[in-house]
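Peer 1: This is the structure alone, sequence omitted:
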Ligand SMILES: C[S@@+](CC[C@H](N)C(=O)[O-])C[C@H]1O[C@@H](n2cnc3c(N)ncnc32)[C@H](O)[C@@H]1O
């Protein structure tokens, strides 16, 4: 039997492997999966609770001097750049890395619209990306990459000083999605491996001291019935491919919920966590005389 030592990174590496749903993981790490989501991904930016989260995270980063005109920041798995465009005005450069062409197209539109000249966009798998020079801060939010301790280690090693991570924290309930999941997959959507538990403890076992800020909220998305149905199908297909008949069932159910303008609202009850790390507080980085 292997030794149980929660202070050792290897313990969390093993736990992370054991607690992840591999089939979901494989799907979540494919660029095609995210290309499909790109068109409507930014709908969330209209949601008040989400805006509050993003604003508060940017405020904390400023208070901690992680955003500074001298600093070069990496946004790993940046998606459409929700955070990158908020960080860019306060730092020297933001290097945005993501595997999805669709997500990065959206980011490029924003970069152009706001005339940013300090956002670099790189389409590549984070685990294959060659870090030439460590960044002042590595930021990474809401990505399946955070289920993997290899990714987290690479983030830690790629940062000179600051690390900022955002991930789910035990609450992610979407009533409509759960109803559809029960009807089609026979059970509500699970969240295996999507939590701060391993992330926090792994970082701690590496000698780091993550500062935690929790956010709770209702993430509302109001979309035309057709696009709402396609999004729910996309979420369900994380578990397994749906048959055409099953997809039609979702489309019909969602169509029936449409208001007079043809719109359907979904609400996800969430608790998320923002982890901020300053390597100057790491074990061994400071001592008393
Ligand atoms: C839910 S989105 C989060 C986007 C953004 N960070 C945010 O908080 O809005 C997840 C992102 O992870 C990206 N991703 C997944 N696997 C990746 C990998 N191996 N390397 C880089 N990006 C990846 C996807 O393309 C997608 O844009």
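Peer 2: Arrived safely, thanks for sending. Not measured: the values here are computed from a predicted model.
Peer 1: and the residue in the chain that the ligand sits nearest to, how many residues sit next to it?
Peer 2: Residue of the chain nearest the ligand, by CB to the nearest ligand atom: residue 79 (2.4 Å). Where you see a C-beta, it was placed from the backbone N, CA and C, and this is true even at glycine. By other CB atoms under 10 Å, the residues close to residue 79 number 24.
Peer 1: now it, nearest residue through space, not along the chain?
Peer 2: Among residues not flanking residue 79 along the chain, residue 103 sits closest, at 4.7 Å (CB to CB, 6 or more residues apart in numbering).
Peer 1: same check, this time on residue 123
Peer 2: Leaving aside its sequence neighbours, residue 123 sits nearest to residue 104 (CB to CB, 6+ apart; 5.6 Å).
Peer 1: Which helix or strand in this protein has the lowest average pLDDT?
Peer 2: Least confident helix or strand, the chain: helix 22-28 with a mean of 66, by mean pLDDT, DSSP states H and E.
Peer 1: Enumerate every residue touching the residue nearest the centre of the chain.
Peer 2: By CA atoms, centre = their mean, the chain has its centre lying nearest to residue 142, at 1.1 Å. Going by CB atoms under 8 Å, 6 or more residues apart in numbering, residue 142 touches 77, 79, 166-168, 272.
Peer 1: on that earlier part again, hang on, the residue nearest to residue 123 is in a strand, isn't it?
Peer 2: No: per DSSP: H, G, I helix; E, B strand; the rest coil, residue 104 lies outside any strand segment and is helix.
Peer 1: What count of nearby residues applies to the residue nearest to residue 79?
Peer 2: There are 24 residues near residue 103, going by other CB under 10 Å.
Peer 1: Make sure it is actually in contact with residue 80.
Peer 2: Yes: judged on CB atoms under 8 Å, residue 103 makes contact with residue 80 at a distance of 5.4 Å.
Peer 1: what do the two both touch?
Peer 2: Common neighbours of residue 103 and residue 80 (CB under 8 Å, 6+ apart) are 38, 41.
Peer 1: List, one by one, the residues from this protein near the ligand.
Peer 2: Proximity of the chain to the ligand (CB under 6 Å from any ligand atom) is limited to residues 29, 34, 77-79, 82, 97-100, 103, 125-127, 141-145.
Peer 1: Mark which of these are buried, thanks.
Peer 2: 29, 34, 77-79, 82, 97-100, 103, 126, 141-145 (16 or more other CB atoms under 10 Å).
Peer 1: From those residues, which land in strands?
Peer 2: Among those, the ones falling in strands (DSSP state E) are 97-98, 141.
Peer 1: Where do the strands of the protein begin and end?
Peer 2: With DSSP E applied, the chain shows strands at 72-76, 93-98, 119-123, 135-141, 159-174, 211-224, 263-278, listed in chain order.
Peer 1: how about those strands in JSON lines, adding distance to residue 186?
Peer 2: As requested, the strands of the chain are arranged in JSON lines below (distance: least, CB to CB, whole Å):
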{"stretch": "strand 72-76", "distance to residue 186": "35"}
{"stretch": "strand 93-98", "distance to residue 186": "33"}
{"stretch": "strand 119-123", "distance to residue 186": "37"}
{"stretch": "strand 135-141", "distance to residue 186": "32"}
{"stretch": "strand 159-174", "distance to residue 186": "17"}
{"stretch": "strand 211-224", "distance to residue 186": "25"}
{"stretch": "strand 263-278", "distance to residue 186": "21"}
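Peer 1: could those be laid out in JSON lines, adding mean pLDDT?
Peer 2: Formatted as JSON lines, the strands of the chain follow (pLDDT from 0 to 100):
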{"stretch": "strand 72-76", "mean pLDDT": "98"}
{"stretch": "strand 93-98", "mean pLDDT": "98"}
{"stretch": "strand 119-123", "mean pLDDT": "98"}
{"stretch": "strand 135-141", "mean pLDDT": "98"}
{"stretch": "strand 159-174", "mean pLDDT": "95"}
{"stretch": "strand 211-224", "mean pLDDT": "96"}
{"stretch": "strand 263-278", "mean pLDDT": "96"}
